[in-house]
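Q: Provide a 3D model corresponding to the input given below.
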Amino acid sequence: MIDVSIVIPVFNEEGTVQPLTEKILSVLNRESLTGEIYFVDDGSTDKTTQILDELEKTFDNVHVIHFRRNRGKAAALQAGFRKAKGKFVITMDGDLQDDPEEIPNLLQKLHEGWDMVSGWKKIRHDPVSKTLPSKIFNKTTSFLTGIRIHDFNCGLKAYRKEVVQSISLYGELHRYIPVLAKMEGFRVTEIPVTHHPRTSGKSKYGTSRMLKGFFDLITVLFLARFTQRPMHFFGMLGILSVIIGVIVEIWVLVLKYAFHEPFQSHLAMLLFGILLLILGIQLFSMGLIGEMLVYQFRKNRGKYGEENE
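A: This next block holds a predicted model:
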């Protein structure tokens with residue numbers, strides 16, 4: 001039985017993957033842990049691919065997954081999660097800013113009974129162009145999701161294997177893994193971790209990620225609140241649309257019969273009310289279809305994330 005699987009997405013990190021591997025293996029040997037490392041090469045265009053292939057040939061417990069093109073961190077993590085065989089899974093970035101010396105601390109926290117432990121870069125060595133948006137993102141996410149941790153997007157995290165088997169990542173959802181884990185009923189916490197300045201390569205952070213992160217936050221909030229009860233979302237919007245539509249149509253009738261104004265004078269209002277009625281019925285129907293899909297999924301799955309007995 002493998003104690004821990006370490007999943008590391010990398011993209012153009014030719015200067016760090018070898019020393020990172022050596023540091024991780026040193027920690028595993030010192031702690032007497034059986035472990036495996038999965039590097040997920042996310043379409044690197046420098047020498048990262050060749051270096052990783054050499055490391056895989058040199059060390060029996062180092063494995064490499066290659067993507068033909070850059071697919072993003074979420075896809076890379078998902079690929080690593082599918083391959084991981086360890087009782088525990090640890091993720092970290094491949095730029096050496098995450099410290100492998102934190103591995104025993106993360107595992108210790110899991111042994112205390114937590115299902116997922118997120119790292120908190122309490123003292124962070126990044127430019128303000130990264131730290132300021134990150135603080136805004138973390139505070140907003142914590143407020144909207146109710147999960148009181150300081151650093152949602154820290155790459156250094158530890159999980160019980162059941163957690164990574166229960167979540168599905170795509171797009172930019174790797175930022176919200178603590179939220180996805182909490183949705184499945186797992187216990188989530190965080191610990192402060194050491195963060196080092198970048199010594200090689202370039203940051204993959206860009207302003208476009210903020211906009212993508214905002215849209216993914218909306219997705220996660222919807223999944224968290226309405227995945228199991230889509231009628232509560234679509235039905236509410238549908239009823240609201242129907243009510244407004246009925247009010248508009250009644251007002252048109254009042255103008256026609258109480259004030260003797262012709263329909264032609266308020267044709268746009270009449271059509272707007274009809275549109276709202278049709279939209280409301282469609283939204284309500286979407287809610288019903290969503291409920292049927294959820295029911296069928298749960299019926300086929302046969303469980304609601306029960307713990308193993």
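
Q: Val254 versus the residue of the chain positioned farthest from its centre, what's the distance?
A: Ranked by distance from the centre of the chain (CA atoms, centre = their mean), the top residue is His260, with 58.1 Å. Distance, His260 to Val254, by CB to CB, to the nearest Å: 11 Å. Where C-beta positions appear, they are placed from N, C-alpha and C, glycine not excepted.

Q: please apply the same query to Phe152.
A: Distance from Phe152 to Val254, by CB to CB: 52 Å.

Q: among these two, which residue is more densely surrounded?
A: More crowded of Phe152 and Val254, by other CB atoms under 10 Å: Phe152, with 25 against 11.

Q: burial of the residue lying closest to Pro262 once chain neighbours are set aside, as a residue count?
A: Counting by CB to CB, 6 or more residues apart in numbering, Pro262 lies nearest to Lys256, which is 7.3 Å off, once chain neighbours are set aside. Neighbours of Lys256 under the rule other CB under 10 Å: 15.

Q: can you name the element that comes right after the helix or strand harbouring Lys256?
A: Following DSSP states H and E, the helix or strand that holds Lys256 is helix 230-257. Under the assignment DSSP H and E, the closest C-terminal helix or strand after helix 230-257 is helix 267-301.

Q: so which elements touch that following helix?
A: helix 230-257 (3 or more CB pairs under 8 Å, 6 or more residues apart in numbering; DSSP states H and E).

Q: where do the strands sit along the stretch 51-200 of the chain?
A: Here the stretch 51-200 of the chain has its strands, by DSSP state E, counting those that start in this stretch, at 62-67, 88-91, 116-120, 157-160, 188-192.

Q: next, the buried residues of the first one.
A: If you call a residue buried by 16 or more other CB atoms under 10 Å, then strand 62-67 has these buried ones: Val62, His63, Val64, Ile65, Phe67.

Q: please name every helix or strand in contact with that strand.
A: strand 35-42, helix 48-58, helix 73-83.

Q: the fourth one now?
A: For strand 157-160, the elements it packs on are strand 88-91, helix 103-111, strand 116-120, judged by 3+ CB pairs under 8 Å, 6+ apart.

Q: quick one: mean pLDDT for the longest one?
A: Along helix 103-111, the predicted local confidence has a mean pLDDT of 96.

Q: quick one, that helix and strand 188-192 angle?
A: 150 degrees (axes from the mean of the first three to the mean of the last three CA atoms, to 10 degrees).

Q: so helix 103-111 versus strand 35-42, what angle?
A: Using the same axes, to 10 degrees: helix 103-111 against strand 35-42 is 100 degrees.

Q: from the chain's centroid, how far away is helix 103-111?
A: 22 Å (CA atoms, centre = their mean, to the nearest Å).

Q: what of the shortest one?
A: How far strand 88-91 lies from its chain's middle: 16 Å, per CA atoms, centre = their mean.

Q: try stretch 281-296
A: Counting by CA atoms, centre = their mean, stretch 281-296 comes out at 25 Å from the chain centroid.
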